[in-house]
Structure formats: structure tokens, C-alpha cells
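Asks: could you work out the structure for the sequence below:
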Amino acid sequence: MIHRSIIFIICLLFATIIGAGKSHAISGEDIIPISTEKEKRMGESIAKQVEKKFDEVDDPLVQKRFEEIGKKLAGICDRQDLVYRFKVLKAKADKEKYYNAFALPGGYVYMFDALMEVLETDDKIAAVIAHELAHIARRHSIERLRSSLGVNVLMILAMATARDGKTVAKANEALTQLMMSYSREDEFEADRLSVKYVRKAGFNANGVLGSLLTLQNLRKKGREMRYIFYRAHPYLSERIAACRAEIKGYMDFDSYINLPEKKEDF
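Replies: Here you go, the predicted structure:
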């Protein structure tokens, strides 16, 4: 949940800007575009916060495996104007709370070692990485940020909190939560592109479906999935059905009713 003090600051900034008549509506065509360079700087800043909070995985072979899979996918994804970075983070003591992966603006892709362990196969790991790369390629987080706040507000927020390290950290957390509150359409698009990416990179597209079924099974067992900035993956049943149709190229009976007991061949 976004910290109350940050919400207050953002509301105050909105009131100040609107009251002073120095800004148009904070949505649509009036918003200043966020350039690739700004996106990179934002991603780098948030990545530093993430890597302060979480250690890199101890096993260098796990990190190497993740990087190699990631680089294959990055080489064929739709966006080639970024340098992609892939890192496996070490889950905290209660590992079951860290079955997740996430991407930051500017090309940063992270996965917790706990999720990597339960995914097991390269195809499933590739599917999750491809999903996160799709969010970056389509600039889902940046567009979310643009439509919600606007660059002017962010700049003022950064300036207003620059002397207070704790507030800056909370602001980063709040903004990251906002950026990664992907819409229903964003999630479906990322799944669709992940099928395209894994195929193009030489992985088995069934791994996309397999990764979603793994997450669904974990959720059915009541295991919470979160990370530094909590984000749930909603609509799993619908996403699984859509992935089946995307992989097969058509919607069949099993895809339509999305039988949970159906076994897939991975």
C-alpha cells in the first residue's frame, strides 16, 4: 500500500500545480512524454533501492543460467534500445512469500531464487522472463506512470523530498507500486508477447502455460506471492485460457472452459 505521507505529498503537489494554473489535465496528450533516457534513469534509481534491500543469489551458476536465458530473449524482443540486466535475488527467510519476478523501467529484470526453484525448467523460466520483457518492450509501467501523474509532478516530488532520504525511498516505493500496477490488458498483452518471444528464442512455448499453471497451483495452496513492492497477478484462469489459445492458434473446448485438472505436456 502506498504510504500515506506520499499520497499527501502527491495530493498537495496536484493542488499547488492546479491552483497556480501551471498545468493542464494530468492525462492524455497534455502529459510530457517520458523519454528513453529518463526511463533509464528512473529504472537505475529504483534498481539501486531494490539491490540494497535484497542480496544477489549465492550460487553463481543460478545467476549465470538466468542471465543466459534472459540474454537470448532480450536479443529477439521488440525493443532493442536498452541494455537489459538480469539478476536473481535471494529470498528472505520465508521463501514462500517470494514466488515472483518483476521488471523495472530501463531494462531491469529480477527473479527471486524461490520462484526459479519451483519453475525448474528453462522453458518455464524463459516464459516468466519473456513476460517481464514484454512489459518493458511495451513500456507498460511508463505509460501507467504518464497517465497517472505526469512528469512535472514527479520532478517536483523528487525535488521536494531530495533532502530526506527516508521520504525519497518511500516515494520510490510508492511510484514503483504505481508503475507495476499493470492493467488487465497489459497482463494479457505480456502473455501474448511472451509466447512470441519464447518461440523466437528457441524455447518451448508450452513453458508459458506451464509457468502460469505453476503460479496457479501455488496460489491454490494458499501461498502468498509478493516482493519488495507487492503486486499480484490477477485473472490467472483467464490468462491460462488465453495462453492455451495463443499457443494453439485457436480457442478449443478445453481453452474455453479452462479445466483445472487438465494435464499439459511440457
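Asks: give the buried residues for the helix or strand hosting Gln49.
Replies: Using DSSP states H and E, Gln49 sits in helix 36-53. Of all the residues in helix 36-53, those buried under the rule 16 or more other CB atoms under 10 Å are Lys38, Glu39, Lys40, Met42, Gly43, Ser45, Ile46, Ala47, Gln49, Val50. The C-beta positions use only the backbone N, C-alpha and C, and glycine is treated the same way.
Asks: go on, stretch 57-73?
Replies: Val57, Val62, Gln63, Phe66, Glu67, Ile69, Gly70, Lys72, Leu73.
Asks: return stretch 182-194 as CSV; C-alpha atoms alone will do.
Replies: C-alpha atoms of stretch 182-194 as CSV (Å, rounded to 0.1, in the frame of the first residue of the first chain):
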residue,chain,number,x,y,z
TYR,A,182,-0.4,-3.4,-14.6
SER,A,183,-3.9,-3.3,-16.1
ARG,A,184,-5.8,-6.4,-17.2
GLU,A,185,-4.9,-5.6,-20.8
ASP,A,186,-1.2,-5.2,-20.0
GLU,A,187,-1.1,-8.6,-18.5
PHE,A,188,-2.8,-10.3,-21.4
GLU,A,189,-0.6,-8.5,-23.9
ALA,A,190,2.6,-9.5,-22.0
ASP,A,191,1.4,-13.1,-22.0
ARG,A,192,0.7,-13.0,-25.7
LEU,A,193,4.2,-11.5,-26.4
SER,A,194,5.8,-14.0,-24.1
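Asks: now do it: everything it contacts.
Replies: Residues external to stretch 182-194 that are found in contact with it (CB atoms under 8 Å, 6 or more residues apart in numbering): 78, 127, 130-135, 137-138, 140-141, 144, 208, 212, 231, 233-235, 238-239, 242-243, 246.
Asks: what's the weakest-modelled helix or strand in the chain?
Replies: helix 4-20 (a mean of 44; mean pLDDT, DSSP states H and E).
Asks: quick one: low-confidence parts of the stretch 151-266 of the chain?
Replies: 151-181, 222-234, 250-266 (pLDDT under 70).
Asks: try 90 this time
Replies: The stretch 151-266 of the chain contains residues with pLDDT under 90 at 151-187, 215-243, 245, 248-266.
Asks: check the nearest residue to Lys90 once chain neighbours are set aside and give its pLDDT.
Replies: The spatially closest residue to Lys90, leaving aside those adjacent along the chain, is Asp55, at 4.5 Å (CB to CB, 6 or more residues apart in numbering). Looking at Asp55, its pLDDT stands at 93.
Asks: relative to Leu89, how far out is Asp55?
Replies: 7 Å (CB to CB, to the nearest Å).
Asks: repeat that for Glu185.
Replies: For Glu185 relative to Leu89 (CB to CB), the value is 28 Å.
Asks: between the two, who's got more neighbours?
Replies: Looking at Glu185 and Leu89 with other CB atoms under 10 Å, you find the greater number of neighbours at Leu89, namely 26 against 9.
Asks: what about Lys90, how many neighbours?
Replies: As a burial measure, Lys90 scores 16 neighbours (other CB under 10 Å).
Asks: and it, what does it touch?
Replies: Applying CB under 8 Å, 6+ apart, we find Lys90 in contact with Phe54, Asp55, Glu56, Val57, Asp58, Phe112, Asp113.
Asks: which stretches in the protein count as strands?
Replies: 85-89, 101-104, 108-112 (DSSP state E).
Asks: in TSV: those strands, plus mean pLDDT.
Replies: Converted to TSV, the strands of the chain look like this (pLDDT from 0 to 100):
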stretch	mean pLDDT
strand 85-89	97
strand 101-104	92
strand 108-112	96
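Asks: okay, those strands in CSV with distance to Lys196 next?
Replies: Below are these laid out as CSV (distance: least, CB to CB, whole Å):
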stretch, distance to Lys196
strand 85-89, 19
strand 101-104, 17
strand 108-112, 17
